[in-house]
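1. just the structure for this:
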Amino acid sequence: MIIVNKNGTLIHKKEMFHCAIGKRGIAKKKTEGDQKTPSGVFSLGPVYYRADRIKKLKTKLKKIIIRKNMAWCDNPKSSFYNKLITVKENTKEKLYRKDHLYDVLVVIKYNMRPIIKNRGSAIFIHIARKNYKGTMGCIALKKKDLIVLLKKINSKTKIKIIA
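-> Just a heads-up that it's a prediction; the model follows:
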């Protein structure tokens, strides 16, 4: 179990990591664009990563290489809402970025079964900005901390986000 609290601490077994959370904190009721991290217990999906920037990624989770046309749909009106898409869709969260935030990311299985329109999308664990600046709703870690965590978790690992 990974535990994340509102103070910006991520705990896995006995290891603690500083992390960023949503700019507006953690919410029991998340809505699209509210800049809040959803609270609850969630499974983890695959790891997406940039093979040109991350070499020899070690994890027991399924790994998918990020391609230039990959994005995550954040448009509640789309039938592809909260799903991986190719970049022909108008509203999307591009996975192939110039900055390094999505060099490696893990999908948090929030609002996926079923997908409820406007409940929030593209909730990931990804690389933090300098100074752990707040996210749009994701959890963000220092790159080296995320790589350490990925070595220790598997498909049975859950994440518990506490409001």
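2. tell me where the protein is predicted with low confidence.
-> Along the chain, the parts satisfying pLDDT under 70 run over 88-92.
3. where do the helices sit along it?
-> Ranges of helices within the chain are 143-152, based on DSSP state H.
4. residue nearest the middle of it, spatially speaking?
-> Of all residues in the chain, the one closest to the mean position by CA atoms, centre = their mean is residue 124, 0.6 Å from it.
5. hang on, isn't that one packed against residue 110?
-> No. Using CB atoms under 8 Å, residue 124 makes no contact with residue 110, being 9.4 Å away. The way it works is simple: take the backbone N, C-alpha and C, and place the C-beta from them, glycine included.
6. returning to what we had before: quickly list what the residue nearest to the centre of the chain is bridged to.
-> Beta bridges link residue 124 to residue 107, judged by DSSP bridges.
7. from memory residue 47 sits against residue 151, does it?
-> No. The pair residue 47 / residue 151 is not scored as a contact, 11.2 Å apart, by CB under 8 Å.
8. the two - which one has more neighbours?
-> For the pair residue 47 and residue 151, the greater number of neighbours falls to residue 47 (22 against 10), based on other CB atoms under 10 Å.
9. before we move on, the earlier item: hey, what's in contact with both of residue 47 and residue 151?
-> residue 59 (CB atoms under 8 Å, 6 or more residues apart in numbering).
10. I'd like the distance from the residue nearest to residue 2 when sequence neighbours are not counted to residue 134, if you could.
-> The shortest distance from residue 2 to any non-neighbouring residue, by CB to CB, 6 or more residues apart in numbering, is to residue 159 (4.4 Å). Remark: distance between residue 159 and residue 134 (CB to CB, to the nearest Å) = 18 Å.
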